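S.K.: quick one, structure for this:
(one chain, ligands or ions: 1)
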Amino acid sequence: MSNKATLSLEGKNFEFNIATGSENEKCFDISSLRSETGYITMDPGFGNRGYPIEELAEKASFVEVSYLILYGELPDEIQLQNFSAGLKEHAPLHTNLEHHFSGFPKSAPPMAILSAMLNLVSCFHPEVLEVTSAGGEFDKTATLLLSKVRTIAAFAYRMAAGKPINHPNPRLGYCGNFLHMMFSDPYQEYLVSPVVEKALNLFLILHADHEQNCSTSTVRVVGSSRANLFSSVAAGVCALWGPLHGGANAAVIAMLEDIRTSGHKPEYYIEKAKDKNDPFRLMGFGHRVYKNFDPRSLILKKQVHTLLNELHINDNLLDLALELEEATLKDDYFISRNLYPNVDFYSGILLRAIGIPLYMYTVMFSIGRMPGWIANWKELLDHKQRISRPRQIYTGKTKRHYISLMER
Ligand code: SDX
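M.R.: Below is the predicted model:
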């Protein structure tokens, strides 16, 4: 029997290896499917919503984009008013929930706090555990989560900074309220700068959803067992934490700081990144899906320039980032592997400029990605999707019998 499978496509035949497991299970090895045919396998993922990210980034608010991602259409005036009212209503945390923050050590990673506290929210809102279909309770649960993730993030920062927590201010919008909760002090309320608020709005929109990335797929896998929304997104936070995924935005800044203090030229680090024997990678470069520029990176690169000018900030990490990008564009190793800046390469410079500390960068990514996670979880309900249960080819030992210790 041939160990090849042939796919006939558009008049051409493509051959794929057939692999056999230890128990004679067969599979197609489709790892070269996309590179050979340009096709991918069907993935019950999200349909494209149709709006160019450049337009949303320039014209929309994060609240509008969140509504779009959750319900498939931009909200009209009444819908936006009701949605915004829900976000305001659900911003505060239960007093007993607030006490949990003081239980964390000051050095606790904020992503650990975020994941833990998101799970804890369901202890104070048991009704969210009963959401089994879209509509009604789902709408309230989604709004509650979108709003509270901000409050939890800000409280985590205040505790880590040894500062008193700030309660939400209902007079402020989504981004302004977050900045208030982050940066107001008892003796001085934080005056929300429209430039900073606009930059934060842009950052959140660019992170709002991105198909079946690692953390969104995690939310779907957990939610496919009909686990509640809060547990599902708490798992998504854990997946996002990794430096190959959402943790990359902080890793980029740490890398740029290292390059700057090392005194080496960027070329030195580019050679390190190319060296197979060196574990160093250029953080913020490469993407599983984008095989050329990540459109979000182009928008961020442009916006970061504007932001630094408007805030009269001279951040030489931006100059270094531009130099690094320039050098890779001329290097065949990066060109041949389609390694370009991704969303994380410039986003950290924006966060630095608006005063977010490095240890909070991936938490910021979580706030942005929340509507995408919630919408993917909702899709499971809408489609009554079966439990995720990936198959595998077993390649371990075949049947054998226990032998006593004496005989081993
Ligand atoms: C995000 O999926 C999403 O949509 C994610 C995201 C989202 O919005 O949710 O866009 C957000 O996670 C962006 C990615 C952030 N991570 C980083 O910036 C970390 C650095 N990047 C790499 O670790 C890597 O590029 C990944 C993780 C992003 C993608 O990994 P892949 O698709 O598994 O690519 P690979 O590891 O198979 O690399 C292919 C080749 C290899 O070389 P060869 O074996 O062919 O010789 O490219 C090389 C890799 O060594 N390579 C890099 C590199 N990334 C890949 N070499 C140097 N530096 C890099 N950054």
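S.K.: show me where the stretch 301-408 of the chain has helices.
M.R.: Listed in chain order, the helices of the stretch 301-408 of the chain (DSSP state H, counting those that start in this stretch) span 316-329, 332-336, 343-353, 361-382.
S.K.: just put the ones you listed in JSON lines and tack on mean pLDDT.
M.R.: Below are the helices of the stretch 301-408 of the chain laid out as JSON lines (pLDDT from 0 to 100):
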{"stretch": "helix 316-329", "mean pLDDT": "95"}
{"stretch": "helix 332-336", "mean pLDDT": "96"}
{"stretch": "helix 343-353", "mean pLDDT": "96"}
{"stretch": "helix 361-382", "mean pLDDT": "96"}
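S.K.: any idea which of those gets closest to the ligand?
M.R.: Set against the ligand and scored by CB to the nearest ligand atom, the helices of the stretch 301-408 of the chain come closest in helix 343-353, at 4.7 Å. C-beta coordinates here come from the backbone N, C-alpha and C atoms, glycine included.
S.K.: and the closest one, how far out from the chain middle?
M.R.: 14 Å (CA atoms, centre = their mean, to the nearest Å).
S.K.: right, quick check: it against the ligand, any contact?
M.R.: Yes - residues of helix 343-353 contacting the ligand under CB under 6 Å from any ligand atom: V343, D344.
S.K.: which strands and helices sit next to that helix?
M.R.: For helix 343-353, the packing partners by 3 or more CB pairs under 8 Å, 6 or more residues apart in numbering; DSSP states H and E come out as helix 194-206, helix 248-262, helix 295-310, helix 316-329, helix 361-382.
S.K.: the last one vs helix 343-353, what angle?
M.R.: If you take axes from the mean of the first three to the mean of the last three CA atoms, to 10 degrees, helix 361-382 sits at 130 degrees to helix 343-353.
S.K.: and helix 361-382, does that touch the ligand?
M.R.: No - using CB under 6 Å from any ligand atom, helix 361-382 stays clear of the ligand, coming no nearer than 7.0 Å.
S.K.: export that helix to PDB, keeping only CA atoms.
M.R.: Extracted in PDB, the C-alpha atoms of helix 361-382 (Å, rounded to 0.1, in the frame of the first residue of the first chain):
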ATOM      1  CA  TYR A 361       2.200  45.300  28.800                       C
ATOM      2  CA  THR A 362       0.700  41.800  28.400                       C
ATOM      3  CA  VAL A 363      -2.200  42.700  30.700                       C
ATOM      4  CA  MET A 364      -2.900  45.600  28.200                       C
ATOM      5  CA  PHE A 365      -3.000  43.000  25.400                       C
ATOM      6  CA  SER A 366      -5.500  41.000  27.400                       C
ATOM      7  CA  ILE A 367      -7.800  44.000  27.800                       C
ATOM      8  CA  GLY A 368      -7.600  44.600  24.100                       C
ATOM      9  CA  ARG A 369      -8.200  40.900  23.200                       C
ATOM     10  CA  MET A 370     -11.200  40.400  25.500                       C
ATOM     11  CA  PRO A 371     -13.900  41.100  22.900                       C
ATOM     12  CA  GLY A 372     -12.300  38.600  20.500                       C
ATOM     13  CA  TRP A 373     -12.100  36.000  23.200                       C
ATOM     14  CA  ILE A 374     -15.700  36.600  24.300                       C
ATOM     15  CA  ALA A 375     -17.000  36.500  20.700                       C
ATOM     16  CA  ASN A 376     -15.200  33.200  20.000                       C
ATOM     17  CA  TRP A 377     -16.700  31.700  23.200                       C
ATOM     18  CA  LYS A 378     -20.200  33.000  22.100                       C
ATOM     19  CA  GLU A 379     -19.700  31.300  18.700                       C
ATOM     20  CA  LEU A 380     -19.400  28.000  20.400                       C
ATOM     21  CA  LEU A 381     -22.800  28.500  21.900                       C
ATOM     22  CA  ASP A 382     -24.300  29.800  18.600                       C
END
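S.K.: in contact with the residue lying closest to F83 once chain neighbours are set aside, which residues?
M.R.: Among residues not flanking F83 along the chain, Y67 sits closest, at 5.3 Å (CB to CB, 6 or more residues apart in numbering). Contacts here follow CB atoms under 8 Å, 6 or more residues apart in numbering; on that basis Y67 touches E73, L74, P75, Q79, L80, F83.
S.K.: my guess is the third one contacts G86. True?
M.R.: No - counting by CB atoms under 8 Å, P75 sits too far from G86 to count as a contact (11.6 Å).
S.K.: which SS state does F280 fall under?
M.R.: Under DSSP: H, G, I helix; E, B strand; the rest coil, the three-state class of F280 is coil.
S.K.: ok, it - contacts?
M.R.: F280 makes contact with Y269, K272, A273, according to CB under 8 Å, 6+ apart.
S.K.: so which of those reach the ligand?
M.R.: Restricting the contacts of F280 to those near the ligand - CB under 6 Å from any ligand atom - leaves A273.
S.K.: between the contacts of F280, which sits nearest V289?
M.R.: Nearest to V289 among these, counting by CB to CB, is A273 at 20.4 Å.
S.K.: on that earlier part again, so which of the helices and strands packed on helix 343-353 is the most packed in?
M.R.: helix 361-382 (a mean of 24; mean count of other CB atoms under 10 Å).
S.K.: quick check: residues of the protein near the ligand?
M.R.: Counting by CB under 6 Å from any ligand atom, the chain comes close to the ligand at 210, 213, 244-245, 248, 273, 281-289, 337, 339, 342-344.
S.K.: how about the strands in the stretch 1-150 of the chain?
M.R.: Applying DSSP state E, counting those that start in this stretch to the stretch 1-150 of the chain gives strands spanning 4-9, 12-20, 26-28.
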